[in-house]
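> What follows is a protein structure lacking sequence information:
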DNA sequence: TAGCTCTAGTTGTCACATCAACTATCATGC
DNA sequence: GCATGATAGTTGATGTGACAACTAGAGCTA
């Protein structure tokens, strides 16, 4: 019953390994740079970007989770840590008690405003500027295709 | 003193976001599938692949760390967890005490042998088979270039 | 109003990654 | 011998992620 597995060709295997290696190194480096320059983790950055964009810098926890594509529990833990560092705060919801708002604080705004330009510069230097427009287009196209398949 | 940051063009921003999103989803899914089908995490898998390839299934801890490109401490923690589950064991080194070997156990060999075909199939289904040979070549080329830049 | 289910959100547990601190062995030079 | 430094390896603290269990309000319906 065990079918012969369709192993990858050498070229495929090589491509996959290069790709995995690149992801690991790039993510590690981008996160480390961000952390070093702004004391924000990639997760912090992401949450702050979304909050700063929202009207009044506030979003319901579940909406926030949806928009960064995380599970609620992950968001809850993350927000708890960010509250402790004063980047955001929680606010009980309007009528009744069923909702929680997450609100960016002035410190949070300052942090993201300072971090953003350097972060963009890092992404440029370590990635974007190394690719031709054509390569970038290919990458975007492939990425969309893979994501689409994953969401099926 | 604050220079105008060179923000990304819409196309660049889009490409970067698609790419990041793809990585997250793909990694998450591949790891989850691996875990579900074989009770191995991506880290376990990686360690086992390298050990199974080594003569006698044994490597010095530091060599193992080097070959999977991890820090020693990460490897040490990982090996500790794997020892607890019986996938590998540690063996004091030959003369004197300065080294430690990590050795794959029969259970470890069984686990990796069972996991590999399904894992390859997953990688194929979710990634490799979705790309044309040309796209795959581009991806490999770009990955090598980015890694090279990171290692400078 | 009691009972049910849905959704929102929190919490605990464990796996994992990183960093700094620590121990132990080896190699060298005096 | 013994100081000194380099290398190998472990450990603990902390932040982070995934998952399951739990709490609690909202809406429905009998």
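Great, that's in hand. This is a predicted model, so every value here is computed, not measured.
> helix/strand/coil for the nearest residue to residue A:7 once chain neighbours are set aside?
Distance criterion CB to CB, 6 or more residues apart in numbering or on different chains; nearest residue to residue A:7, sequence neighbours excluded, is residue B:120 at 6.1 Å. Where you see a C-beta, it was placed from the backbone N, CA and C, and this is true even at glycine. With DSSP: H, G, I helix; E, B strand; the rest coil as the basis, residue B:120 sits in helix.
> Wondering if the longest helix belonging to chain A reaches DNA strand D at all.
Assignment by DSSP state H gives helix A:10-38 as the longest helix of chain A. No - figure legend: helix A:10-38 not in contact with DNA strand D (CB under 7 Å from any atom of the strand); closest approach 8.1 Å.
> ok, back up a step: okay, the residue nearest to residue A:7: pLDDT?
pLDDT for residue B:120: 96.
> about what we covered before: can you give me the buried ones in the longest helix of chain A?
A:12, A:14-16, A:18-23, A:25-26, A:29-31, A:33-34, A:38 (16 or more other CB atoms under 10 Å in any protein chain shown).
> and that helix, what does it pack onto?
helix A:42-53, helix A:106-126, helix B:10-38, helix B:133-151 (3 or more CB pairs under 8 Å, 6 or more residues apart in numbering or on different chains; DSSP states H and E).
> would you turn the ones you listed into a markdown table with distance to DNA strand C?
Below are those laid out as a markdown table (distance: least, CB to the nearest atom of the strand, whole Å):
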| stretch | distance to DNA strand C |
| --- | --- |
| helix A:42-53 | 11 |
| helix A:106-126 | 15 |
| helix B:10-38 | 8 |
| helix B:133-151 | 13 |
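> Output those helices as CSV; include the columns distance to residue A:100.
Output for the helices and strands packed on helix A:10-38, formatted as CSV (distance: least, CB to CB, whole Å):
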stretch, distance to residue A:100
helix A:42-53, 13
helix A:106-126, 16
helix B:10-38, 25
helix B:133-151, 40
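> Looking at those, which is nearest to residue A:81?
Closest to residue A:81 of the helices and strands packed on helix A:10-38 is helix A:42-53 (CB to CB; 8.3 Å).
> Does the helix or strand following that closest one reach DNA strand D?
Tracing the chain C-terminally past helix A:42-53 and defining elements by DSSP states H and E, one meets strand A:58-60 next. No - Strand A:58-60 is not in contact with DNA strand D by CB under 7 Å from any atom of the strand; minimum separation 13.3 Å.
> OK, contacts around the spatially most central residue of chain A?
With distances taken as CA atoms, centre = their mean, the residue of chain A nearest its centroid is residue A:46 (5.0 Å). By CB atoms under 8 Å, 6 or more residues apart in numbering or on different chains, residue A:46 lies in contact with residue A:68.
> The helix or strand of chain A with the lowest mean pLDDT: partners in the sheet, and parallel or antiparallel?
Lowest on mean pLDDT, DSSP states H and E among the helices and strands of chain A sits strand A:88-92, with a mean of 90. When pairs are called by DSSP bridges, strand A:88-92 turns out to pair with strand A:100-104 (antiparallel).
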